[in-house]
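The following block contains a protein sequence and its predicted model.
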Amino acid sequence: MKNSDEHWMAMALELAKGGQGWVEPNPMVGCVVVRDGELIASGFHERFGGPHAEVHALRGLDAEVLSQSTVYVTLEPCAHHGKTPPCVELLLSKPANRVVVAMEDPFEKVAGLGISRLEHEGMDVTVGVLDEQARRLNAPYLKRLASGLPWVITKWAMTLDGAIATGSLDSKWISNELSRHQVHRLRSRVDAVVVGSSTVLADDPLLTARLGPGEHVARTAMRVVLDRRFRTMESSQLVRTAREAPVIVVVDREALARVPDKRQAFERAGAEFFELERGQSQEPAAGLEHVLREIVRRGGTNVLVEGGAMVMGSLFDARLVDQVECYIAPKVVGGIEARRAVGGLGVESIALGAGFQETHWETLGADLHFSGILARCPID
């Protein structure tokens, strides 16, 4: 219903999405200002280190106008000095008639302090309007704060009969240009793209985001190769472009020590190494979690995993996957040796298979695209 708190907060949430890929590791935030049932100003957090949503929305509004207005903001206003001044101080300098907040910010330097400061100064504050939607919007941010792990998105393209490659390992191209373009857009907003060494050896991928005219890459992702035995070749596209986009090779310390000349060649090309101890490399779940925590340590929030089957399977077995992006092409390749997207141990019964709390289907030309959020994702 127009003019309800839910209506205006939904508008602020939609605005907040404009920061996706640009603001991380900060959360996406939107803000709208309403007076006498009419929208008079709006804004969102546009990029990391830049002004927050409230600053954009309140810019140019005088104290008299704000005293007759309601400010809707999707996340609790910050109460600490970070890269920008506290938004609470801005709201107190020109007090609105009312402030409506979707959810509290669990970040330790905020965590209710912004709301309590506004209330202490006598402002009328309502909290919890479209709280669930706000949590879903910033699920990656909330997961990173709660667990120290990034949001893990798995992506694959497959034929109608479930193959990601033929028995001879041919996989170009299963999906059509529309699907592949969407994957490049996804790469353009994540912090890391992860693949296994088998994928690198079979496909020699570049793993960068190549967009069309007028489109902009929000961030340059780290390209992470899970290569315990150090099989990646110096001649690979990843290594040859390591100075254009970061490349991190995850490798057993012992395997790396056995080939010092190869290590030096990679480092001269600009590649980095993340070394696993014996126990970490022998236990897939422990090794993967260690890698994911390292990505967070480097500032990452969203990780895109593009294969291969054993990497995908290990992630699902360890319950480390949050989101699935699957592209299904109207092709049948057959063959008992054709490759599947997800390996690993799997489950013993269909009832134990990973389910989804949120799903979306769309057609991209003749391809079918599935997007889903797993049911157990920790966004509360």
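Now that the structure is in, tell me what you want to look at.

now for the helix or strand that Ala41 is a member of, which elements pack on it?
Assigning secondary structure by DSSP states H and E places Ala41 in strand 38-44. The helices and strands touching strand 38-44, judged by 3 or more CB pairs under 8 Å, 6 or more residues apart in numbering; DSSP states H and E, are helix 5-16, strand 30-35, helix 53-58. In this view, the C-beta of every residue, glycine as well, is placed from N, C-alpha and C.

Mean neighbour count for those - can I get that in TSV?
Output for these, formatted as TSV (neighbours: other CB atoms under 10 Å):
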stretch	mean neighbour count
helix 5-16	20
strand 30-35	25
helix 53-58	23
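
just so I know, which of these lies nearest Glu177?
helix 5-16 (28.3 Å; CB to CB).

Make JSON lines from the helices and strands packed on strand 38-44 and add mean pLDDT and distance to Gln68 to it.
Shown next, in JSON lines, are the helices and strands packed on strand 38-44 (pLDDT from 0 to 100; distance: least, CB to CB, whole Å):
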{"stretch": "helix 5-16", "mean pLDDT": "96", "distance to Gln68": "15"}
{"stretch": "strand 30-35", "mean pLDDT": "95", "distance to Gln68": "6"}
{"stretch": "helix 53-58", "mean pLDDT": "92", "distance to Gln68": "14"}
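
Need those in a markdown table (columns: distance to Gly287).
Converted to a markdown table, those look like this (distance: least, CB to CB, whole Å):
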| stretch | distance to Gly287 |
| --- | --- |
| helix 5-16 | 35 |
| strand 30-35 | 38 |
| helix 53-58 | 39 |
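
between these, which one is nearest to Arg231?
Per CB to CB, nearest to Arg231 of those: helix 5-16, 42.4 Å.

For Tyr72, what are phi and psi?
phi -110, psi 130 (degrees, to the nearest 10).

burial count for it?
Neighbourhood size, Tyr72 [other CB atoms under 10 Å]: 32.

What segments of this structure are strands?
Using DSSP state E, the strands of the chain run over residues 30-35, 38-44, 69-73, 98-101, 125-127, 151-159, 192-196, 222-226, 247-252, 272-276, 302-305, 323-329, 356-364, 367-374.

So which of the ones you listed is nearest Pro86?
strand 69-73 (13.3 Å).

and that closest one, what does it pack onto?
helix 5-16, strand 30-35, helix 53-58, strand 98-101.

The shortest one pairs with which strands, and in what direction?
Strand 98-101 has the following strand partners under DSSP bridges: strand 69-73 (parallel), strand 125-127 (parallel).

now these in CSV, with distance to Gln182 and mean pLDDT?
Listed next are the strands paired with strand 98-101 as CSV, based on distance: least, CB to CB, whole Å; pLDDT from 0 to 100:
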stretch, distance to Gln182, mean pLDDT
strand 69-73, 31, 95
strand 125-127, 36, 93
